[in-house]
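**Q** pasting a predicted model and its sequence here:
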Amino acid sequence: MPTFEITKQATFDAAHHFPNEPEGSIYRRIHGHSFTVAATVRAEALDPEHGWVADLGALERDLKAAAGRLDHGMLNEHAGLELPSLENLCLWFAEQLKGDWPGLCRIEVARPTIHERCVLSL
Ligand SMILES: Nc1nc2c(c(=O)[nH]1)N=C([C@H](O)[C@H](O)COP(=O)(O)OP(=O)(O)OP(=O)(O)O)CN2
Ligand SMILES: [Zn+2]
């Protein structure tokens, strides 16, 4: 069955640290990154009234709202981000969005400036 996937991306900047890493590890020290987050929603049929899977503007609003909760903050202070890896960020964004977006099928969180990313398939 052919499927459509629509994706919206947002950006945020945040600080974090990894408290379980060994003394002397640079990851233990508080440091910051610029992040992108992309959310993908899948559907097998288009909304016949609009001719789209869902309004990308609505997805943008929800994704920006979630990213805004992390922007210019300390990731470790958020429930679920006590160990603030890209992997746990994917889970955190999925948790924020899944209630309103039942077709959510993919979250990608990246640090583009250092060429790192993680993809969560749902
Ligand atoms: N699987 C994962 N591994 C690591 C993650 C992660 O989220 N998932 N995160 C980190 C740290 O956030 C680390 O700060 C990442 O930075 P790094 O790759 O070390 O790049 P830097 O620019 O900070 O350092 P360079 O030495 O210049 O590469 C680690 N691992
Ligand atoms: Zn880091």
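**A** It's in. Ligands and ions are numbered 1, 2, ... in the order given.
**Q** alpha carbons only for contacts and neighbour counts from here, please
**A** Will do.
**Q** the residue nearest to residue 52 when sequence neighbours are not counted: neighbour count?
**A** Residue nearest to residue 52 in three dimensions, not counting chain neighbours: residue 46, with 5.0 Å by C-alpha to C-alpha, 6 or more residues apart in numbering. Applying other C-alpha atoms under 10 Å, we find 13 residues neighbouring residue 46.
**Q** I'd say residue 46 and residue 53 touch.
**A** Yes. Using C-alpha atoms under 8 Å, residue 46 is in contact with residue 53, at 4.9 Å.
**Q** flag every residue of this protein that's near ligand 1.
**A** Proximity of the chain to ligand 1 (C-alpha under 6 Å from any ligand atom) is limited to residues 27, 85, 86, 114.
**Q** quick one: which of these is nearest residue 42?
**A** residue 86 (22.3 Å; C-alpha to C-alpha).
**Q** that closest one: what's it in contact with?
**A** Applying C-alpha atoms under 8 Å, 6 or more residues apart in numbering, we find residue 86 in contact with 109, 110, 117, 118.
**Q** check what pLDDT it gets.
**A** pLDDT recorded at residue 86 is 99.
**Q** could you measure from it over to residue 34?
**A** Using C-alpha to C-alpha, to the nearest Å, we find residue 86 at a distance of 12 Å from residue 34.
**Q** just residue 79 next, same as before
**A** Residue 79 is 20 Å from residue 34, where distance means C-alpha to C-alpha.
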